[in-house]
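# sequence plus the predicted model coming up.
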Protein chains: 2
Amino acid sequence: MTTQKARIEPNQETKVQSVHRRLSELAHQSGPDAKLPTVSELCLSFGTSRSTINDALEQLEAQEVIRRRRGSGIFVSPKITNRSIALLFRVDFFRERVASPFWDILWSKFILAAQARSEIRSDSFTVHILHAKDGRLQALDDHLTRLIETGRISGVLGVGLELETVEWIRGQGVPVIGFAGLGQWHVVISGEEIVRLAAKHLIERGCKRPRLWIAGHYVHIVDWRNPAIKQEASLDRDVEAFREVLEASHLPFQADRVWSYAQQMDPPLLQEQGAWAAERLLNEGLAEETDGLILTNDLMALGAMKVLQRSAAGRKIQVATHANKGAATLYAFDDVLTQVLVDPEEIVRAMFQLLDAVMAGKQPEKDFVTIGPSSLTLPMKASR
Amino acid sequence: MTTQKARIEPNQETKVQSVHRRLSELAHQSGPDAKLPTVSELCLSFGTSRSTINDALEQLEAQEVIRRRRGSGIFVSPKITNRSIALLFRVDFFRERVASPFWDILWSKFILAAQARSEIRSDSFTVHILHAKDGRLQALDDHLTRLIETGRISGVLGVGLELETVEWIRGQGVPVIGFAGLGQWHVVISGEEIVRLAAKHLIERGCKRPRLWIAGHYVHIVDWRNPAIKQEASLDRDVEAFREVLEASHLPFQADRVWSYAQQMDPPLLQEQGAWAAERLLNEGLAEETDGLILTNDLMALGAMKVLQRSAAGRKIQVATHANKGAATLYAFDDVLTQVLVDPEEIVRAMFQLLDAVMAGKQPEKDFVTIGPSSLTLPMKASR
């Protein structure tokens, strides 16, 4: 184990990183084969030393952004638009214990996006699986390490990365966009917006006494070390959103109507969390005083619906849940459920957009981009 | 498009391939760093020319099975157990139109198997996504082509490969094991055994008038060109198995009780095939004279159960279906369904086993290995 630094600071660049970013921006503005200023001119205009300029130029040459020709100067590489992008995907997200269609859909959207890009530009795209043991990422393998060290990767999309890996990649001058883990910049799903939309919708349809059930996930990578992201991903915001919507409609908020497995270290399968919660609701006679249910996970909803739909009291409860676009998970209940759909394709698109911007030398305004619900599917197959 | 050869003949080796296989076997038997016979001795014992021996040795050296040291002879490579295995996975299997949890589970089982192997031996494992357009594979990319050409891949596991690719890889002296497409050797799922087990089980539980519904899949790679495989994968065998089980129990077989989308070019989503078939059954008053239903696909079963479970007549029908171990697809109906489970992990295991055998110089007895059901899950959560 290496010593861990206190937090990641994406916006505090070193001198070389700053020159690298500005030179990359200049190269992209100038276009393939354009001649760039000399090293002496760059020293003057950036107000920095020859060695800083040379370090940045070396990285940019390895990344095929520029070419130095002895005696004739520095040129933008003709390959400047041919990027080599690496997807680093953490393997334990596929493990049976946490198997969710979400990771599989996300995975396939990456592959399809890469194919679409390769058809319109000459980017190459390589896929690397990161191994994990006991919930911790293992070191990158030699092949991948060498690819990054020798500048043959222009940018990284990372799913489930931890601090050490991000810092190392970043130290090699390669930008990293993260999801479900760290990155120099991140994409996060807004659980808050999902809860807000679901709650509003139930109240519009007449619910006065809804409950909120929050799924407990096995993998907690929320050792984020970035307070902004940590807060963004926090479950407290889901509860807060629920409270706000209730209060805006002059309905009382009661903390004991929010139920969650989230604080447990080793929660049961998501569908069982839903089934057990529904059984408890029915057995403890709470179904009569519950007219709505908001669920934050589609597998949890599957378990809850299995139990609720077989009971007369359960069938009276209106249920709204998070769901993933493209998953068949809730097909059997799509005529009785309200589904707040998140489109995994939007996560992939946002990650590519962030990476494209950074590779073109732009500095994103915020450390992270949030993805909210993309659509709502109502019971009886009506949709708005 | 290159001209296509009539069929693939895995057992007709060229002279070089035969020498390559036998030398590889010898190297594995002798172990790392062992000294092998001289070229002259090999010519004598294999009864072949120096140029054939040298061609085979060149391939084996590139694959790091042997090392030639000038002046001192031919030695088994110390790296003989460090294999570099490539997984080639066809991208259109992930496309929305055919999205099935099966491909995702299969994919994750490959990744987990690779991780397990890397922990006990020093094999490396790379993942390559093969692009497809309009249902045809596109050419391998330059990077992968170069890896194979320069002998840096010891063996290939291919999912969804077509003839040209297999022949080219094989021509480079690299063995290819295929699934859901071609390979030098294949792994296939036995639909026949699934139907047989499901039918037997329903009849044991008192069904006298079962029906068989065969799912229609979008992707037909059954342009196999290998008659043995084509026959093995044929739907006729599913029907034949159904007939055999009925007749063994002295029950009549009627062709019009078998129903299938299989002959259509562009079938609807699998779950819709199931829902529509169930609706037709109920609407046409056929539910009364149907006491059992055998389904060949889990998503099709999901659609059928959604409809059948909401009708009193439908709930009386006993349903047995194929299902994939590890999928949550049928969770909502697992207390009323009989599930004949296929374990995608077995496919992966069989592919690795075939490849290991071939890389160690052994010649598999058959062109293909069939995978049958791994277990049966009965209604009411009892299992045998």
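The structure has been received and is ready for your questions.

# contacting residues for the residue lying closest to A:Gly372 once chain neighbours are set aside?
Residue nearest to A:Gly372 in three dimensions, not counting chain neighbours: A:Glu193, with 3.9 Å by CB to CB, 6 or more residues apart in numbering or on different chains. From N, CA and C alone the C-beta is placed, and that goes for glycine too. Residues in contact with A:Glu193 (CB atoms under 8 Å, 6 or more residues apart in numbering or on different chains) are A:241, A:370, A:372-373.

# try it again with 10 Å
A:237-238, A:241, A:340, A:342, A:370-373 (CB atoms under 10 Å, 6 or more residues apart in numbering or on different chains).

# derive a ChimeraX selection command for the buried subset of these.
Here is the ChimeraX command that selects the buried residues among the contacts of A:Glu193 (16 or more other CB atoms under 10 Å in any protein chain shown):
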select /A:237,238,241,340,342,370,371,373
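
# need the contacts of A:Glu193 in a markdown table with pLDDT and secondary structure, can you?
Shown next, in a markdown table, are these (pLDDT from 0 to 100; DSSP: H, G, I helix; E, B strand; the rest coil):
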| residue | pLDDT | secondary structure |
| --- | --- | --- |
| A:Arg237 | 85 | helix |
| A:Asp238 | 89 | helix |
| A:Ala241 | 95 | helix |
| A:Val340 | 97 | strand |
| A:Val342 | 94 | strand |
| A:Thr370 | 92 | strand |
| A:Ile371 | 93 | strand |
| A:Gly372 | 92 | coil |
| A:Pro373 | 93 | coil |
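
# next structured bit after the top helix by length along chain A?
For chain A, the helix that runs over the most residues, judged by DSSP state H, is helix A:101-120. The helix or strand immediately downstream of helix A:101-120 is strand A:124-130, counting by DSSP states H and E.

# which is the next helix or strand following that following strand?
Assignment by DSSP H and E places the next element after strand A:124-130 at strand A:132-133.

# so what does the next helix or strand after that following strand touch, helix or strand wise?
With elements assigned by DSSP H and E, the helix or strand that comes after strand A:132-133 is strand A:136-137. Here strand A:136-137 touches helix A:163-171, going by 3 or more CB pairs under 10 Å, 6 or more residues apart in numbering or on different chains; DSSP states H and E.

# the helix it packs on: how far from the chain's middle?
17 Å (CA atoms, centre = their mean, to the nearest Å).

# does chain B sit close to that helix?
No: using CB under 10 Å from any CB of the partner chain, helix A:163-171 stays clear of chain B, with a minimum separation of 16.9 Å.

# next one: stretch A:56-66
No: judged by CB under 10 Å from any CB, stretch A:56-66 and chain B are separated, with a smallest distance of 14.9 Å.

# repeat for stretch A:286-303
Yes: using CB under 10 Å from any CB, stretch A:286-303 comes into contact with chain B via A:298-299, A:302-303.

# tell me which of these fall in helices.
A:298-299, A:302-303.

# can you redo those as a markdown table with pLDDT and distance to B:Leu144?
Converted to a markdown table, these look like this (pLDDT from 0 to 100; distance: CB to CB, whole Å):
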| residue | pLDDT | distance to B:Leu144 |
| --- | --- | --- |
| A:Asp298 | 92 | 36 |
| A:Leu299 | 91 | 36 |
| A:Leu302 | 95 | 39 |
| A:Gly303 | 95 | 42 |
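
# ChimeraX command to pick out the buried ones of those?
A single ChimeraX command selects the buried members of those (16+ other CB under 10 Å):
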select /A:298,299,302,303
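
# rewinding a little: specify which member of the residues of stretch A:286-303 next to chain B is nearest to A:Tyr331.
A:Leu302 (9.7 Å; CB to CB).

# if I read this right, that closest one contacts A:Phe333, doesn't it?
Yes: under the criterion of CB atoms under 10 Å, A:Leu302 makes contact with A:Phe333 at 7.7 Å.

# thinking again about what came up before, confirm the residue nearest to A:Gly372 sits in a helix?
Yes: under DSSP: H, G, I helix; E, B strand; the rest coil, A:Glu193 falls within a helix.

# per-residue pLDDT, it?
Looking at A:Glu193, its pLDDT is 94.

# A:Tyr261 now?
The model's pLDDT for A:Tyr261 equals 74.

# could you list the buried residues of the longest helix of chain A?
Result for helix A:101-120 [16+ other CB under 10 Å]: buried residues A:101-115, A:117.

# next, give me the two most distant ones among those.
A:Pro101 and A:Arg117 (24.2 Å).

# A:Ser84: neighbouring residues, count only.
Close neighbours of A:Ser84, defined as other CB atoms under 10 Å in any protein chain shown, add up to 18.

# please name the bridge partners of it.
A:Ser124 (DSSP bridges).

# below-threshold pLDDT in the stretch 51-200 of chain A: ranges please.
Low-confidence segments of the stretch 51-200 of chain A, defined by pLDDT under 70: A:81-82, A:94-100, A:118-122.

# residues of it that sit close to chain B?
A:84, A:87, A:89, A:91-96, A:99-101, A:103-105, A:107-112, A:114-115, A:118-119, A:124-133, A:138, A:141-143.

# which parts of the stretch 201-350 of chain A are strands?
Per DSSP state E, counting those that start in this stretch, the stretch 201-350 of chain A carries strands over the ranges A:210-214, A:258-260, A:292-295, A:318-324, A:337-342.

# among those, which one carries the weakest average confidence?
strand A:258-260 (a mean of 88).

# going by contacts, tell me the helices and strands next to it.
strand A:210-214, helix A:236-248, helix A:270-283.

# so can I have JSON lines of these showing distance to B:Gln271?
Shown next, in JSON lines, are these (distance: least, CB to CB, whole Å):
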{"stretch": "strand A:210-214", "distance to B:Gln271": "26"}
{"stretch": "helix A:236-248", "distance to B:Gln271": "30"}
{"stretch": "helix A:270-283", "distance to B:Gln271": "18"}
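
# point out the most buried one among these.
Counting by mean count of other CB atoms under 10 Å in any protein chain shown, strand A:210-214 has the highest mean neighbour count of those, with a mean of 23.

# tell me which strands it pairs with, and in which orientation.
When DSSP bridges is applied, strand A:210-214 pairs with strand A:258-260 (parallel), strand A:292-295 (parallel).

# please work out which of those strands is packed deepest.
Highest mean neighbour count among those (mean count of other CB under 10 Å): strand A:292-295, with a mean of 28.

# the longest helix of chain A vs strand A:337-342, what angle?
40 degrees (axes from the mean of the first three to the mean of the last three CA atoms, to 10 degrees).

# then helix A:101-120 to CSV, C-alphas only?
Below are the C-alpha coordinates for helix A:101-120, written out as CSV (Å, rounded to 0.1, in the frame of the first residue of the first chain):
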residue,chain,number,x,y,z
PRO,A,101,-27.9,-4.9,-15.6
PHE,A,102,-26.7,-1.3,-15.2
TRP,A,103,-23.0,-2.2,-15.5
ASP,A,104,-23.6,-4.4,-18.5
ILE,A,105,-25.6,-1.7,-20.3
LEU,A,106,-23.0,0.9,-19.4
TRP,A,107,-20.3,-1.4,-20.7
SER,A,108,-22.1,-2.0,-24.0
LYS,A,109,-22.8,1.7,-24.5
PHE,A,110,-19.1,2.4,-24.2
ILE,A,111,-18.4,-0.2,-26.9
LEU,A,112,-21.1,1.2,-29.2
ALA,A,113,-19.9,4.8,-28.7
ALA,A,114,-16.4,3.7,-29.5
GLN,A,115,-17.6,2.0,-32.7
ALA,A,116,-19.6,5.1,-33.7
ARG,A,117,-16.5,7.3,-33.1
SER,A,118,-14.2,5.1,-35.1
GLU,A,119,-16.6,5.4,-38.0
ILE,A,120,-16.5,9.2,-38.1
